[in-house]
Structures are given as structure tokens and as C-alpha cells.
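Sequence first, predicted coordinates after that:
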Amino acid sequence: MKYDLIIIGSGPAGYVAGIRAGQIGLKTAIIEKNNIGGMCLNWGCIPTKTLIESAKVLNQIQNSAEFGIEGLDPKSIRLNWNKVQKRFVRIVRRLTKGIEYLLKKNGVEMIMGEAILKSANSVVVEKQLLETENIIIATGSKPKLLPNKVKSTSIQEFLTLTDLPQKPIIIGSNAHAVELAQFFNLSGVNVKLLIQSKTVLPEADEFLSEFLVKLFKQNKIELIFETEIKKFEAGIVFTNQGDYQTDCLINASDRVGIIPKSEIDIEEVEDFIKVNGLLQTNHNSIFAVGDVNGRSKFAHTASAQGLHAVNVISGIKKNFEYSKFPINIYTNPEIAQIGMTEAEIKREKIDYKISEFPLSANGKAMIEGQREGQIRMLSDRKYGEVLGVQIIANNATDLIAEAGVLMQLEGTVFDVANTIHAHPTISEIYMESGFDAFEQPIHK
């Protein structure tokens, strides 16, 4: 069988690339050895965000008296773990069916089995040789194994537990780790977060990491930094910082690429597949997109890389741009950033200005009872071009998209200030931060 494109992996990078390839007329097949939708849909983005949403609703109900709601006993309200699990399974199934439909609609063939790279233009799956003009590797990533062969619970295993752990310990310094920690906290469970680095979110601006540390301390989530795991036995985790009792040690640590079996040399760097600006490996006909190349850990960036690889295959030769992709953290309140961090701007020796506006002065935030947070806009002093935006707000992961459009069009603080935002909305904080750049905020 001969194809124009074979994609290994059906996660956000793989299935999006497949749909796009089908749309432009490429004869395409996707090979998947586990579940359609990959880690994000089945065990990552969708299920974990569903958990967090349930915990947020629980928290809102427990604090509903502030909104004039009577007749509820906060002490009797609890999270039903089994029903939460059933809900995310329903959502995953619906989304999976949607992906299957879209792949079929666009003429993409699904082949179940494990792919082995035979050559730069051929793949073996279930003892069948498939020839192709191009290959996209989109096999994703997995958490690093803990040192000293310490056994732990994966996120996949956690999602299938019969009972919700009551003394969980999470290991990691990334979005997955902090989101899981807050899920337990909002659910009324005492949780510890063992952080292997000096900061809770190494990829985020220091301003956001400091906010998270403050928030977690307020919520009595115990944070232990620069942790090294020595061993785990009899329900006790032994570390360089102390020993901690737990009924579930969840591994949400930094990830490594899932690299497919291969009979040809695929160059690697630091546990990921090495790619150039076009997302090509050391073989021009083989691309690696998404988590497997280590350039980003977010599903939306993986999808964008999948689209980019298909564009390169179709003749649009340009390097992939990483600077304008948002980082979203689904905590309570949510956290999002896009563009350059303050540290990056300083390294580039750019003369910059910070303009800010707090949610505590925003009418909609007061109405919703979500006054904690702010917008922080970093701009070039000379031309006013927006270089980076950070938001802490109840719906920051949605609000950050406006900053993405603004930066894609090389917008300035003048454009932000002159854009009319409806009232009352949280989005008004953009306009206010635009005026704050001229030291003339309207409501501050």
C-alpha cells in the first residue's frame, strides 16, 4: 500500500495533521497502537480538566451563601468520585467519536497497531509494509521514571482508581502537577506537592509562579521545593527534604518523548527527537511534531505543529514560530501567559514597560465573586508593541486569546486602549492595562 503521508500517533498533533492532510487531498493513514485521541484526550487534558471543573463547582456551592443562597449545608456537600469519573468518560467518548467522524469525513485511514520505522519512506505495522512519501511522528510523551526505580501511580492509573486518595503526594513542577494539587485541595483532600526544581512553574513568568506559591500557601497546599526522591515503601516517601506518608504517590514529573521503534537512525536530543525549524528530523521526509520533539508540552502547540508539518509537505517552507503560543494553567483562578516573559525581555536588553490592572477593580469580577487576579502587559517603550501578556483570572485561559490576536498583528498598547470592550466584562482589564501604559487608567 502506498500513501502520501503516514502519521504515527493520533493525539492532538497526529489527528489534526491527518484532518488537514485529508483536506488538501493527501492520501493519508494514521497508525495508533492505543486509543484514538492520545494522551490529551484519554488521560490528560480533557479528563483532568473535567476533574478540576467538578472541584470548582463543589467549591462554588460551598461558598454560595455569599450570593444569597440559603438552605444548603456546606458540610454535607461532597465530591462523588465515581460520578466524576463517569462524567469524564462520557465526555471522552463523545470527543473520540467526533475525531473518528472527522478523520473518516476527510478520507483518513485509521490503522490500529504498533508502527516500526522501516526506512525514511516506509513503515511496518502488524507485519504489513506500508510505503509513503512522508512520515509524521506524533507519538507524544510520558513522565520520566522516578529515580532509584521508585514505583508510583501514573495519571492514567490515578484516573481509574476506585476510591479518591485521601493523603496524595504529587511529584512535578508543571501544569499537570499544580492542577492536580488544586483539584485535591478544592475537593477537601490534604495534598502535598513535591517540586523537583526551584520554582513551581519553570516555563512561566516569575510573577505567575510567585502568585501560585502564595495561593497554594493560602489554601494550605504544602509545597516542598528541590525534592529528590530516594525511595517509597510502606506508604512513606523518603526524600532529601524529609519523609512523608501517603496513600498515593502520583508521578506528574517532567516528560520524555515516546520514540517509536525504528530500523533507521532517528537523531535524539535529551530524550526527545531532534527537529529543525521545519520540524523535520535528520531525514527530510520524516517529521516529529508535538511532545515527542520536546519543543512544547501543550496540546494546542502540538496541533499547530501538526498543521505546520503538513504545510511544509505541501510546499510552504517556513520555520515554526514558538513565541506566540499561550501557556494555560487551569487552576482556580486560572493562569495564562503568551509571548515573552519579563526575564526574557531583560535578557534581550529591551527597554520595556509593565502596565497592570487588578480584577478587584473590575465590575464583572465583583459580580462573579472572583476578585483575585490581574492582567499584566509587557510592552516596548519606544513603539508600544505588546511583547507579552500574563493574566490571573477566573477565565484567563479564554481571555489570553485576545492577546494572541493582538500580538499576531504586532499590536500596540495604543491599539489595546482604543479597542472598545463591552461592560461589564472581565475583558475590560485589557483596555485598562492599555491606558495604564500611558499612566492614565480609567478605573485605577
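That came through, no problem.

centroid residue for the protein?
Compute the mean C-alpha point of the chain, and by C-alpha atoms, centre = their mean the closest residue is F298, 3.9 Å away.

how deep is G242 tucked in, by neighbour count?
For G242, the tally of surrounding residues (other C-beta atoms under 10 Å) stands at 9. Bear in mind the C-beta positions are built from the backbone N, C-alpha and C, glycine included.

residues contacting it?
Shown in contact with G242 (C-beta atoms under 8 Å, 6 or more residues apart in numbering): I224.

beta partners of it?
On the basis of DSSP bridges, G242 is bridged to T239.

Quickly note the distance from it to A365.
39 Å (C-beta to C-beta, to the nearest Å).

Tell me where the stretch 251-400 of the chain has strands.
Taking DSSP state E, counting those that start in this stretch to define them, one finds strands in the stretch 251-400 of the chain at 255-257, 261-262, 268-269, 272-273, 286-288, 327-329, 334-339, 352-358, 374-380, 386-393.

again, but for the stretch 101-250 of the chain
For the stretch 101-250 of the chain, the strands defined by DSSP E, counting those that start in this stretch occupy 109-112, 115-119, 122-125, 128-137, 141-143, 168-171, 192-194, 222-224, 229-233, 236-239, 242-245, 248-251.

With mean pLDDT and distance to F211 added, can I get these in JSON lines?
Output for the strands of the stretch 101-250 of the chain, formatted as JSON lines (pLDDT from 0 to 100; distance: least, C-beta to C-beta, whole Å):
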{"stretch": "strand 109-112", "mean pLDDT": "96", "distance to F211": "43"}
{"stretch": "strand 115-119", "mean pLDDT": "97", "distance to F211": "43"}
{"stretch": "strand 122-125", "mean pLDDT": "97", "distance to F211": "46"}
{"stretch": "strand 128-137", "mean pLDDT": "97", "distance to F211": "37"}
{"stretch": "strand 141-143", "mean pLDDT": "92", "distance to F211": "25"}
{"stretch": "strand 168-171", "mean pLDDT": "97", "distance to F211": "19"}
{"stretch": "strand 192-194", "mean pLDDT": "97", "distance to F211": "15"}
{"stretch": "strand 222-224", "mean pLDDT": "96", "distance to F211": "13"}
{"stretch": "strand 229-233", "mean pLDDT": "93", "distance to F211": "27"}
{"stretch": "strand 236-239", "mean pLDDT": "95", "distance to F211": "26"}
{"stretch": "strand 242-245", "mean pLDDT": "96", "distance to F211": "25"}
{"stretch": "strand 248-251", "mean pLDDT": "96", "distance to F211": "23"}
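
Need these in JSON lines (columns: distance to A29).
Formatted as JSON lines, the strands of the stretch 101-250 of the chain follow (distance: least, C-beta to C-beta, whole Å):
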{"stretch": "strand 109-112", "distance to A29": "4"}
{"stretch": "strand 115-119", "distance to A29": "10"}
{"stretch": "strand 122-125", "distance to A29": "9"}
{"stretch": "strand 128-137", "distance to A29": "7"}
{"stretch": "strand 141-143", "distance to A29": "23"}
{"stretch": "strand 168-171", "distance to A29": "37"}
{"stretch": "strand 192-194", "distance to A29": "42"}
{"stretch": "strand 222-224", "distance to A29": "46"}
{"stretch": "strand 229-233", "distance to A29": "41"}
{"stretch": "strand 236-239", "distance to A29": "44"}
{"stretch": "strand 242-245", "distance to A29": "48"}
{"stretch": "strand 248-251", "distance to A29": "33"}
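
Which of these sits closest to R376?
Between R376 and the strands of the stretch 101-250 of the chain, the tightest spacing by C-beta to C-beta is seen for strand 222-224, at 22.4 Å.

for the closest one, packing partners?
Contact here means 3 or more C-beta pairs under 8 Å, 6 or more residues apart in numbering; DSSP states H and E; on that basis strand 222-224 packs against strand 192-194, helix 206-218.

how about 10 Å then?
When contacts are defined as 3 or more C-beta pairs under 10 Å, 6 or more residues apart in numbering; DSSP states H and E, strand 222-224 sits against strand 168-171, helix 175-186, strand 192-194, helix 206-218, strand 242-245.

what sits up against that strand?
Residues outside strand 222-224 that contact it (C-beta atoms under 10 Å, 6 or more residues apart in numbering) are 169, 171, 173, 178, 181, 190-196, 200, 212-213, 216-217, 239-242, 244.

picking that back up, out of the helices and strands packed on strand 222-224, which comes closest to Q128?
Closest approach to Q128 among the helices and strands packed on strand 222-224 (C-beta to C-beta): helix 175-186, 35.8 Å.

The closest one: how far from the chain's middle?
Helix 175-186 sits 13 Å away from the centroid of its parent chain (C-alpha atoms, centre = their mean, to the nearest Å).

Then stretch 264-279?
With C-alpha atoms, centre = their mean as the basis, stretch 264-279 stands 22 Å off its chain's centre.

Let's see that stretch as CSV, backbone CA atoms only.
The C-alpha coordinates for stretch 264-279 follow below in CSV (Å, rounded to 0.1, in the frame of the first residue of the first chain):
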residue,chain,number,x,y,z
ILE,A,264,16.9,3.5,10.9
ASP,A,265,18.7,6.1,12.9
ILE,A,266,16.5,8.9,14.2
GLU,A,267,18.6,11.6,15.9
GLU,A,268,17.7,12.4,19.5
VAL,A,269,18.5,15.2,22.0
GLU,A,270,17.8,15.0,25.7
ASP,A,271,15.2,12.1,25.4
PHE,A,272,13.3,13.8,22.5
ILE,A,273,13.5,13.5,18.7
LYS,A,274,15.7,16.3,17.3
VAL,A,275,14.0,18.5,14.7
ASN,A,276,14.9,21.6,12.6
GLY,A,277,12.9,24.7,12.1
LEU,A,278,10.6,22.9,9.6
LEU,A,279,10.0,20.2,12.2
